[in-house]
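# Sequence and predicted model, in that order:
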Amino acid sequence: MTKRVGIIISGGGSNMIALVNEMQRSKMAVPSVVLSNSPDALGLKKAHDLGVTTAVVDHRSYGKDRGAFENALHTELVKAQVDVVCLAGFMRILSADFIALWDCKILNIHPSLLPDYKGLNTHARVLSSGDQYHGCSVHLVTAALDDGPILGQAKLTVAKEDTAQSLAARVLPLEHQLYPRVLARFLAGDLSRLDLSL
C-alpha cells in the first residue's frame, strides 16, 4: 500500500515543494496534506498549486496551550490518513507527548552537519567557528531538539568569501536534493545513512 505523507511548514515551503515534486514524479508516496501553523505561510498557496490538500492550525489561536495546538495538529494528520510526517521549515518545537504519538514516523531537515549546531542561526555559527565544512542533515525526530538518529547529510566546503546569507543560499539546494532521497529510502524501510558531498 502506498504510504501517505504529511508535511508541516511555517514559511515559504521550498523543501515541501522538493518533497511533493519527487513524490508526484516517482510515486514513492502520496503527499496527503501540507499543514502550517501560520495562515500567512507562502508555502500553502504553493502546495495548493501543486494539487495538495492544505490545512492551517494557527498556534496563536491556542495561546500558551501547546497541548491543544498539538492535538489539533494530530487531528489534521489523522484526518489526512498520514503515515509519515516531514517537518520542512516548521518553526515550532514539538512536545515529547506529540512525538510519542508519531514515534519513528517524523523526519526533519536541519541546516547543519548534526550533531553540530543544533537550533537556530547555524550558518553564522559555522562562520564564527571557522569550520571548513557545512551542510544539512535529515534526522528522525525525538524529544530532544535536533537530536534524533541521522538518516542523511549533504556537505559542502565553506568558501573564504562566504557570509551567513551566501551559505544559507548554497545549503538550500543541498536540502532539496537530500530530503527527497532520504524520504524515499525511509519509506522503503532503509534507515542506513546517506552521505552526499557536493
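Cool, the structure landed. The model shown is predicted, which means the values in this text are computed figures rather than measured ones.
# Give me the contacts around stretch 179-191.
By C-beta atoms under 8 Å, 6 or more residues apart in numbering, the list of residues contacting stretch 179-191 from outside reads 3, 5, 15, 18-19, 21-23, 26, 28-29, 84, 86, 88, 107, 109, 138, 149, 151-152, 192, 194, 196. The C-beta positions use only the backbone N, C-alpha and C, and glycine is treated the same way.
# could you redo the last one with a cut-off of 10 Å?
For stretch 179-191, contacts defined as C-beta atoms under 10 Å, 6 or more residues apart in numbering pick out 2-3, 5, 7, 15-16, 18-23, 25-26, 28-29, 83-84, 86, 88, 104-105, 107-109, 136-140, 149-154, 192-194, 196.
# What of stretch 11-18?
For stretch 11-18, contacts defined as C-beta under 10 Å, 6+ apart pick out 7-9, 19-20, 31, 34, 36, 38, 40-47, 49-50, 52, 86-91, 109, 136, 138, 172-173, 175-180, 183.
# Can you name the next helix or strand after the single longest helix found in the chain?
Criterion DSSP state H: the longest helix present in the chain is helix 164-187. Note on helix 164-187: by DSSP states H and E, the next helix or strand toward the C-terminus is strand 194-197.
# tell me which residues in that next one are buried?
Residues of strand 194-197 classed as buried by neighbour count (16 or more other C-beta atoms under 10 Å): L194, L196.
# swap in stretch 118-127?
Neighbour counts over stretch 118-127 (16+ other C-beta under 10 Å) mark T122, H123, R125, V126, L127 as buried.
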